[in-house]
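Engineer: quick check, what structure comes out for this input:
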Amino acid sequence: MVYFHVTKDARKKLEPTTELGILVGYTDTPHNYRVYLPTNQRTIVCRDLKFDELKAMRVSLGRKLNLHAEEELWFLRRRSLRLMQSSDM
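Structural biologist: Take a look at the predicted model:
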């Protein structure tokens with residue numbers, strides 16, 4: 001989640017100076033970012049961004065992992081092996 005600056009030319013007097021977007025990636029030129037605007041459903045290139053890392057972290061932690069049964073078993077076995085190895089030391 002990022003907030004990007006809306007220039008004076010693109011807004012009216014009482015409109016907000018920033019908009020919320022989602023960082024999509026980078027451009028070939030340095031210091032430029034691609035940002036997806038969910039309100040307009042379009043992607044723009046801008047320079048002035050402010051990252052909201054806490055909000056992005058809360059969103060990613062709130063998601064559940066959709067693993068297949070085999071992958072879950074593999075992770076459980078691996079974790080139990082680590083626990084057994086750490087208790088032996």
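Engineer: now do the helices in this structure.
Structural biologist: With DSSP state H as the criterion, the chain has helices at 53-62, 69-88.
Engineer: is D48 in contact with Y3, as I believe?
Structural biologist: No: in this structure D48 lies outside contact range of Y3 using C-beta atoms under 8 Å: 9.2 Å. Heads up, the C-betas are built off the backbone N, CA and C, glycines and all.
Engineer: who has more neighbours, those two?
Structural biologist: Y3 (17 against 12; other C-beta atoms under 10 Å).
Engineer: who's the more buried one bridged to?
Structural biologist: L20, K50 (DSSP bridges).
Engineer: you'd agree it is up against I22?
Structural biologist: No: using C-beta under 8 Å, Y3 is not in contact with I22; the gap is 11.0 Å.
Engineer: anything in contact with each of those two?
Structural biologist: Common neighbours of Y3 and I22, counting by C-beta atoms under 8 Å, 6 or more residues apart in numbering, are absent.
Engineer: what's the neighbour count on F4?
Structural biologist: 18.
Engineer: now do I44
Structural biologist: By the criterion of other C-beta under 10 Å, I44 has 14 neighbours.
Engineer: list the residues that contact it.
Structural biologist: Per C-beta under 8 Å, 6+ apart, neighbours of I44: F4, G21, R34, V35, L37.
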